[in-house]
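J.: Below: sequence and its predicted model.
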Amino acid sequence: MRIAVIGSGYVGLVAGACFADLGHEVVLVDNDQQKLAALQAGRCPIHEQFLPELLDRHRGQRLQFTDNLQEAVRSSAAIFVAVGTPPTDQGDADLSYVESVAREISGAIDGYKIVVEKSTVPVYTSEWVRKIILRNGAPVDSFDVASNPEFLREGTGVTDFLYPDRIVVGADSERCAAVMREIYAPMTDGSYYKKHDAIPRPDRAQTPPPIIVTSTKSAELIKHASNAFLAMKISFINAVSSICESVGANVQQVCQGIGTDSRIGPRFLNPGIGYGGSCFPKDLMAFRAVARECGYDFRLLDEVIRINEEQRHRFLRKIRNALWTLRGKRIGILGLAFKGGTDDIRESPAILLVQSLLQEGCHLCAYDPAAIERTREVVGNKVEFATNAYDAAAGADALLILTDWEEFATLDLSELKRKMRYPIVIDGRNLYLPETMAARGFSYYSVGREPALADNQSTRASDNPQGATRKA
Ligand code: NAD
């Protein structure tokens, strides 16, 4: 199948490279000349496991890059739209990129094609895309609009795409559904997974994945509802972690106890500094706006968002309670990306905390395995950057762990302690056991667990960062 993917960002680039690996002829379109130049020169503009291998494998053969959208549309049977859908000031999704792409596509439709929404969009977008394409002159029977929401997570985008829990296809005609089935056939018939050079199967992946064919409206809702539910799970456990802190319970034990209930499941029960990234915050606001427009006041989502913001403020209070005053303190920062495995800092809680600490007058020295360049574009030279975790900790009054990179969970604790001015670690991702940290001489503060103080530190009221009075 000849496929055009419009928008070569985190989703478009991964989808395009994976479609090529499934055997399709793919042309990736973008209007960002810098990005195109990087792709054409053989560079991978984002940090994503297996993506450089796939680009090397297919570049110039089954994978082409261009800024010529109309030519790409003319040469393709399926056009996937994967441009951004950022939030407006009011919180609903800004669909102007989708609209402008739909307008351009219209002029290049010269035979039956399907236009597929890959971007996350509110319900009714497919109807609007159809109207815009018709309004700009494409004949009624020359195209269909499908919705094919993407569930990949940054950092594991390639394996998430190729080994999904399910493929959701919203199509309102059998002709359109048939094209979508054909595109995903190498996955749904299992043939891709038998290839000797298939991207390795991750743990837990079930193949072949099921394909769920729905109406376009249902598919659009499935994506928003999925993200809202996952964000709700995170906020729920963060709320529980606050109670754990007040009563002296251990949220990790609580998670184990509730996550083993098969109706609940253990995933996304990770207490921390809240969710971020380019999806959850904007998709929740967009879903709330959609609901409001339909006359439903989705107040549950207000609360999910409120808890998420509050979680960051609680963490700031925790830092203040551990260090007393902040002005002039030197703080090491481990992690800037919104989660481990990616260089994406959009809506990263780590960046929001960095900005708050700068406002408080702290000196920050930060390290992240992938996100330093992107952070530099936002904070300039207000933050010092280190080339490894130990240098970030050097001379620090405290070290903050803000992103769950694997390498931050396996630090050489003796080396870390030797480097720091005071051995105080405030962990927003619960990467260590409090008892281990105390035994290794750290004062260790985490989320939803009692602070652990180095063996030589006495327990005083001020050492309890939650300031909670524990009842006997
Ligand atoms: P992104 O900003 O990384 O990529 C969007 C790309 O589209 C950019 O490269 C931009 O230059 C390009 N673009 C914009 N207008 C264009 C035009 N007129 N012609 C050609 N190219 C154009 O965004 P992303 O993170 O890939 O997200 C894209 C969509 O996918 C969003 O709706 C997002 O919500 C959704 N999504 C994202 C993820 C994720 O993890 N990032 C996961 C699932 C769904």
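T.: Sure, I can see it.
J.: Contacts only, for the residue of the chain found nearest the ligand.
T.: Proximity of the chain to the ligand (C-beta to the nearest ligand atom) peaks at Gly9, 1.7 Å away. All C-beta spots, glycine's among them, are computed from the backbone N, C-alpha and C. By C-beta atoms under 8 Å, 6 or more residues apart in numbering, the contact list for Gly9 reads Asp30, Ile46, Ala82, Val83, Gly84.
J.: Which pLDDT value goes with it?
T.: With respect to pLDDT, Gly9 has a value of 96.
J.: mind pulling up the phi and psi values for it?
T.: Gly9 adopts backbone torsions of phi -90, psi -150, taken as degrees, to the nearest 10.
J.: For Ala439, see how far away it is.
T.: From Gly9 across to Ala439, the span is 45 Å (C-beta to C-beta, to the nearest Å).
J.: same thing with Lys35?
T.: 48 Å.
J.: quick one, which of these two is more surrounded?
T.: Neighbour tally, Lys35 and Ala439, criterion other C-beta atoms under 10 Å: the higher count belongs to Lys35, 19 against 13.
J.: That one touches Pro45, doesn't it?
T.: Yes: between Lys35 and Pro45 a contact is recorded at 5.4 Å, counting by C-beta atoms under 8 Å.
J.: Which of the contacts of Gly9 has the largest number of neighbours?
T.: Ala82 (29 neighbours).
J.: Contact partners for Leu128?
T.: Heads up, residue 128 is Trp, not Leu. Here Trp128 is in contact with Leu95, Glu99, Ala102 (C-beta under 8 Å, 6+ apart).
J.: Apologies, that question was intended for Gly16.
T.: Gly16 neighbours (C-beta under 8 Å, 6+ apart): Ile3, Val5, Ser8, Val26, Leu28, Leu63.
J.: same question, Leu316
T.: Neighbours of Leu316 in contact, by C-beta under 8 Å, 6+ apart: Leu353, Ser356, Leu357.
J.: Counting only helices, which of those residues make the cut?
T.: Counting by DSSP state H, the part of those found in helices is Leu353, Ser356, Leu357.
J.: can you put those in CSV and add pLDDT and neighbour count?
T.: Below are these laid out as CSV (pLDDT from 0 to 100; neighbours: other C-beta atoms under 10 Å):
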residue, pLDDT, neighbour count
Leu353, 98, 25
Ser356, 97, 16
Leu357, 98, 20
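J.: Include distance to Leu152 when you put these into TSV, please.
T.: Converted to TSV, these look like this (distance: C-beta to C-beta, whole Å):
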residue	distance to Leu152
Leu353	26
Ser356	30
Leu357	32
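J.: next one: stretch 53-61 to chain centre, how far?
T.: 25 Å (C-alpha atoms, centre = their mean, to the nearest Å).
J.: And the pLDDT at Gly91?
T.: pLDDT at Gly91 comes out at 88.
J.: For the residue nearest to it when sequence neighbours are not counted, give me its contacts.
T.: Distances taken as C-beta to C-beta, 6 or more residues apart in numbering put Met285 closest to Gly91, at 3.7 Å, once the chain neighbours are dropped. Contact partners of Met285, counting by C-beta under 8 Å, 6+ apart, are Pro87, Gly91, Asp92, Ile305.
J.: What's the local residue count around Phe236?
T.: 18.
J.: Provide a list of residues in contact with it.
T.: Here Phe236 is in contact with Ile307 (criterion: C-beta under 8 Å, 6+ apart).
J.: ok, 10 Å please
T.: Ile258, Ile264, Phe268, Leu269, Pro271, Glu303, Val304, Ile307 (C-beta atoms under 10 Å, 6 or more residues apart in numbering).
J.: Please report how far it lies from Leu336.
T.: 26 Å.
J.: tell me, how many neighbours does the residue nearest to Ser414 when sequence neighbours are not counted end up with?
T.: In space, Ser414 comes closest to Arg440 once its chain neighbours are excluded; the distance is 7.4 Å by C-beta to C-beta, 6+ apart. Other residues near Arg440 come to 18 when the count uses other C-beta under 10 Å.
J.: surely Arg440 meets Ala454?
T.: Yes: judged on C-beta atoms under 10 Å, Arg440 makes contact with Ala454 at a distance of 8.2 Å.
J.: Do a quick rundown of the strands in the stretch 351-472 of the chain.
T.: Counting by DSSP state E, counting those that start in this stretch, residue ranges of the strands within the stretch 351-472 of the chain are 363-367, 384-385, 398-401, 424-427, 443-445.
J.: whoops, the chain was the one
T.: 2-6, 25-29, 63-66, 78-81, 113-117, 143-147, 167-170, 211-214, 330-334, 363-367, 384-385, 398-401, 424-427, 443-445 (DSSP state E).
J.: any idea of the mean pLDDT for the fifth one?
T.: It stands for strand 113-117. 98.
J.: The shortest one too?
T.: Summarised as a single mean, pLDDT over strand 384-385 is 98.
J.: got it, and the third one?
T.: Here the mean pLDDT over strand 63-66 is 98, rounded to a whole number.
J.: quick one: it near the ligand?
T.: No: Strand 63-66 is not in contact with the ligand by C-beta under 6 Å from any ligand atom; minimum separation 9.7 Å.
J.: Would you mind putting the CA coordinates of that strand into PDB?
T.: What follows is strand 63-66 as a C-alpha-only set of coordinates in PDB (Å, rounded to 0.1, in the frame of the first residue of the first chain):
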ATOM      1  CA  LEU A  63      10.600   5.600   3.200                       C
ATOM      2  CA  GLN A  64      10.800   9.000   1.500                       C
ATOM      3  CA  PHE A  65      10.600  12.500   3.100                       C
ATOM      4  CA  THR A  66       9.100  15.600   1.400                       C
END
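J.: helices or strands up against that strand?
T.: Other elements packing on strand 63-66 under the criterion 3 or more C-beta pairs under 10 Å, 6 or more residues apart in numbering; DSSP states H and E are strand 2-6, helix 10-21, strand 25-29, helix 33-40, helix 51-58, helix 69-74.
J.: As a markdown table, those with distance to Arg204 would be great.
T.: Below are the helices and strands packed on strand 63-66 laid out as a markdown table (distance: least, C-beta to C-beta, whole Å):
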| stretch | distance to Arg204 |
| --- | --- |
| strand 2-6 | 27 |
| helix 10-21 | 19 |
| strand 25-29 | 28 |
| helix 33-40 | 31 |
| helix 51-58 | 21 |
| helix 69-74 | 36 |
